[in-house]
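> Got a sequence here, can you build the structure:
(chains A and B)
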Amino acid sequence: MRVLIVEDDKRLGSIIQRAFKEEGYAADWCQDGQEAEWLGFENPYDLIILDLMIPRKHGLEVLKTFRGGGIRTPILILTAMDTTDDIVKGLDIGADDYITKPFNLDELLARVRALLRRQSQQGSSTFSVGPLTINQARREITRDGKAIPLTLKEYGLLVYLAKHAGSVLSRNELSEHVWDMNYEPSSNIIDVYVGYLRNKVDKGFEKPIIKTIRGHGYMLDAEAMQAAAGQ
Amino acid sequence: MTHFFEKLPIKWRLSLGYTIIMGVLFSLLGAGIYRLVKVNLYRSVDAALLTSAQAISQSRQLRQNMSPPILENFLTQFLGERSIRLYATLIDVSSQHGPAKSQSVHVRLKTTPQSIQRARTGLATYEVYRIDRHSPIRQITYPAMKGGRFTGEIIQVGAPLAPILTTLKSLNLVLWIVFPIALLLSVLCGYWLTRRSIWPVHKITQAASKIHIDDLSNRLPLPPANDELRQLTETFNSMLDRLEDSFKRHKRFTGDVSHELRTSLAVLRGEAQLALRRERDGLYYKDALGTILEESTHMSKIVEDLLLLSRAQSNSVVMRWEAIYTHEFMSELRGSVISALKEKNITLVEHFDHDLPMFLGSSSYLHITLKNILLNAIKHSSVDSEISFTIEKVEDQNAIAFNINDRGEGIPKEAQPYIFDSFFRADTARNRQLGGAGVGLSLALALTKLHNGSIELESEPGQGATFSVIIPQPKSVNVEDDAHSAISGITTMSEHEPLALT
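This next block holds a predicted model:
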């Protein structure tokens, strides 16, 4: 899952970015309205955290531009402006949620999870795909009841694959949703991480669930999983 | 009465006043008309009587042959057929037998002793009296004269007043009918006019009641006529302009303050929460604590600046005049901005009058004022540039001026009125990375005003900006202690650290 953080305060922006990275998200951070617009249209973010009082272009203007430009990404406003008027205006212009500063970091992350699972039609933060159970709140993965420790990047990659189980994901798509703006397009880093993931998720189990679709990309095979689960 | 009148609604007060005035006017007019008609009618009767009497007295024939039908015929011929029917009689008052020769046609005219008395001196007398139940008679008693001497004969001509009285009676009736109708009409018109002229007030009231503190953007509709009501409306509207402006500024100020403080709080809370989420190494905690310390320092600076600002603006700080030594003051000031200067490699070019070894003011407040303006200049200067700082006497105002000139991007004309507003930034960016919380210049202005001074700003976009802080020098210092010690050369610089809030 890839998140854009728009926050003009250096320290606060860094805190939010670090928190998201620790949760296995790919997090890009920018400090003004113009850059936010550019990034928002350039990359397919899964969620945008937007401050309102930002330099160059006001947050609400950025929000209008996004919604006017057809971007349907969930947007969470994170601001010091706390009057009912501000909140109503923000939500009416097209924000999906509104949090006022100072905020509770845990609450922010929980709300982000809620927005993301609403986006993927998913019921709760813990979901199962075949033998895999993913607890997003606690960042825990189990296969057939056995805990699988993963690094942040591996976790992020697996969550994205699991959320799109059954469909083929290109390397480009994976790079856009799992890696942040520092991704090097010429590198084979995706293949490397898929390799790591296979080592941990498939090794020692009968049926591999992460498939390589030659010429296209990778897929978490739901049918294979069902078969595995049926055994 | 006045009390009662003042308690009446203005609509009724005007109508009532109007009615009273119209009533008095109508009464005077009616009385005047009545009197005028009456006097004229009497005059015409009197003139006819006099003419007849004169005619009789001049005609010897008539006087010798005084028979009523002849006399009446004569009068009719003489005066024509008139509505006034005349009676005439000739009396010889010289005879002892009284009215022996008196003759009258229909009625017997009266002769009063007063009229005979007057006749003897050659004067005519007009009288009115009533005989029996008939209508009153107007009568002239005219002395017959010969060669300027009274002949002893008087001629009496009388006329009944009935026609005149009838005319006056009808006039009276007409006046009494017309008067109330006219008065009623004028009252109604007056009420209608009053209502009409008060209508704009009603509209203004309605519009004004819709104006609320949450929405001060509405204005009262201007009445078309250029009158007092329009002036009142314009006055209201300009008051609303000022209110709206100050509310907007106030709202923005509180919004900005809360933005600054909330962001700081979010950093403090977020950093601590993030650090506590899982086990970390010592270095991580050290970094987190460093951020928290830095942020809380920044926050206390904002809070202290705001506190000082609000105290200075409400004049609840004590302004202590003291003697300040120029060199000492400058070196402290330089010291407080040196790190900011070095960061951008900016040269501070100082110049001050040599005959200005000391000046008067509050050392700590002037320090904050000039430091804030210098920091602002540094913020807007490019790397490797120059800022000039001069202190000079303004002779004609008995003041000293601190001029700070930078070669930065300058301040746009439209932004200049707002530059001293808290948190104002020309590009509306609230970039804390530029340094300062945006209170600096407003604090500088508030502290300068405590000195009864002013700050002048000269700037052309692209040409840099010059801030001049002008501090009037009091002729006699109120704080005698300081003045004396200054004169005797004892250092009076505050022993405490200047109230620097960095």
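> Give the helix, strand or coil label for B:Lys475.
Under DSSP: H, G, I helix; E, B strand; the rest coil, B:Lys475 falls in the coil class.
> what's the burial count for it?
Around B:Lys475 there are 6 other residues, counting by other Cβ atoms under 10 Å in any protein chain shown. Bear in mind the C-beta positions are built from the backbone N, C-alpha and C, glycine included.
> Grab the nearest non-local neighbour of it.
Nearest residue to B:Lys475, sequence neighbours excluded (Cβ to Cβ, 6 or more residues apart in numbering or on different chains): B:Asn398, at 7.0 Å.
> Does the one you found touch B:Pro472 like I think?
Yes: with contact defined as Cβ atoms under 8 Å, B:Asn398 counts as touching B:Pro472 (6.5 Å).
> Where does pLDDT dip in chain A?
Along chain A, the parts satisfying pLDDT under 70 run over A:222-231.
> could you pull out the helices for it?
Ranges of helices in chain A, per DSSP state H, are A:10-22, A:33-42, A:59-68, A:84-93, A:105-119, A:152-163, A:171-178, A:189-201, A:222-230.
> what's the closest of these to B:Leu309?
The minimum distance between B:Leu309 and the helices of chain A falls on helix A:10-22, with 24.2 Å, by Cβ to Cβ.
> Flag every buried residue along the closest one.
In terms of neighbour count (16 or more other Cβ atoms under 10 Å in any protein chain shown), helix A:10-22 has its buried residues at A:Arg11, A:Leu12, A:Gly13, A:Ser14, A:Ile15, A:Ile16, A:Gln17, A:Arg18, A:Ala19, A:Phe20, A:Lys21.
> Secondary structure element for the residue nearest in space to the middle of chain B, which one?
Of all residues in chain B, the one closest to the mean position by Cα atoms, centre = their mean is B:Leu232, 7.7 Å from it. For B:Leu232, the host element (DSSP states H and E) is helix B:228-276.
> Toward the C-terminus, what is the element adjacent to that helix?
The C-terminal neighbour of helix B:228-276 among helices and strands, as given by DSSP H and E, is helix B:282-313.
> and that next one with chain A, contact?
Yes: contact of helix B:282-313 with chain A (Cβ under 8 Å from any Cβ of the partner chain) involves B:Thr291, B:Glu294, B:Glu295.
> Drop anything exposed from these.
B:Thr291, B:Glu295.
> Closest one of the residues of helix B:282-313 next to chain A to B:Asn40?
The shortest gap between B:Asn40 and any of the residues of helix B:282-313 next to chain A belongs to B:Glu295, at 105.5 Å (Cβ to Cβ).
> still on that earlier bit, residue contacts, the residue nearest to B:Lys475?
By Cβ atoms under 8 Å, 6 or more residues apart in numbering or on different chains, the residues touching B:Asn398 are B:Pro472, B:Gln473, B:Lys475.
> Check the last one and give its pLDDT.
The pLDDT attached to B:Lys475 in the predicted structure is 76.
> same question, B:Val24
So, for B:Val24, pLDDT stands at 92.
> measure the residue of chain A found nearest chain B to B:Asn315 for me?
Nearest to chain B in chain A, going by Cβ to the nearest Cβ, is A:Pro55, at a distance of 3.1 Å. Applying Cβ to Cβ, to the nearest Å, the value for A:Pro55 to B:Asn315 is 35 Å.
> before we move on, back to that, distance to B:Thr347 for the helices of chain A - can I get that in a markdown table?
Putting those into a markdown table (distance: least, Cβ to Cβ, whole Å) gives the following:
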| stretch | distance to B:Thr347 |
| --- | --- |
| helix A:10-22 | 28 |
| helix A:33-42 | 33 |
| helix A:59-68 | 39 |
| helix A:84-93 | 45 |
| helix A:105-119 | 45 |
| helix A:152-163 | 49 |
| helix A:171-178 | 49 |
| helix A:189-201 | 49 |
| helix A:222-230 | 69 |
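> Quick one: closest of these to B:Lys248.
Closest to B:Lys248 of the helices of chain A is helix A:84-93 (Cβ to Cβ; 14.4 Å).
> tilt between that closest one and helix B:228-276?
Using axes from the mean of the first three to the mean of the last three Cα atoms, to 10 degrees, the inter-axis angle of helix A:84-93 relative to helix B:228-276 is 80 degrees.
> and the angle from helix A:84-93 to helix A:59-68?
20 degrees.
> now for helix A:84-93, which elements pack on it?
Helices and strands touching helix A:84-93, by 3 or more Cβ pairs under 8 Å, 6 or more residues apart in numbering or on different chains; DSSP states H and E, are helix A:59-68, strand A:75-79, strand A:97-100.
> quick one: buried residues of whatever helix or strand B:Thr448 lives in?
Assigned by DSSP H and E, B:Thr448 belongs to helix B:440-450. Counting neighbours by 16+ other Cβ under 10 Å, one finds that the buried residues in helix B:440-450 are B:Gly440, B:Leu441, B:Ser442, B:Leu443, B:Ala444, B:Leu445, B:Ala446, B:Leu447, B:Thr448, B:Leu450.
> Which strands border the longest strand seen in chain B, and is each parallel or antiparallel?
The single longest strand within chain B, with elements called by DSSP state E, is strand B:149-160. Strands that pair with strand B:149-160, judged by DSSP bridges, come out as strand B:87-92 (antiparallel), strand B:137-146 (antiparallel).
> Residues of chain A that sit close to chain B?
Residues of chain A lying close to chain B (Cβ under 8 Å from any Cβ) are A:8-12, A:15-16, A:18-19, A:22, A:32, A:53-56, A:58, A:80-82, A:100-106.
> remind me which residues of the stretch 101-250 of chain B are low pLDDT?
Low-confidence segments of the stretch 101-250 of chain B, defined by pLDDT under 70: B:101-108, B:132.
> from it, which residue is nearest to chain A?
Residue nearest to chain A within the stretch 101-250 of chain B (Cβ to the nearest Cβ): B:Asp214, separated by 9.0 Å.
> So what's the residue count around that residue?
The number of residues packed near B:Asp214 is 7, by other Cβ under 10 Å.
> can you give me the offset of stretch B:144-163 from its chain's centre?
Relative to its parent chain, stretch B:144-163 has a centroid offset of 73 Å by Cα atoms, centre = their mean, to the nearest Å.
> How many residues are close by B:Val157?
When neighbours are counted by other Cβ under 10 Å, B:Val157 registers 26.
> isn't it right up against B:Tyr142?
Yes: judged on Cβ under 8 Å, B:Val157 makes contact with B:Tyr142 at a distance of 7.2 Å.
> Please identify every residue contacting each of the two.
Common contacts of B:Val157 and B:Tyr142 (Cβ under 8 Å, 6+ apart): B:Ala53, B:Ile56.
> before we move on, back to that, relative to B:Lys393, which of the residues of helix B:282-313 next to chain A is nearest.
Distance to B:Lys393, by Cβ to Cβ, is smallest for B:Glu294 among these, at 42.1 Å.
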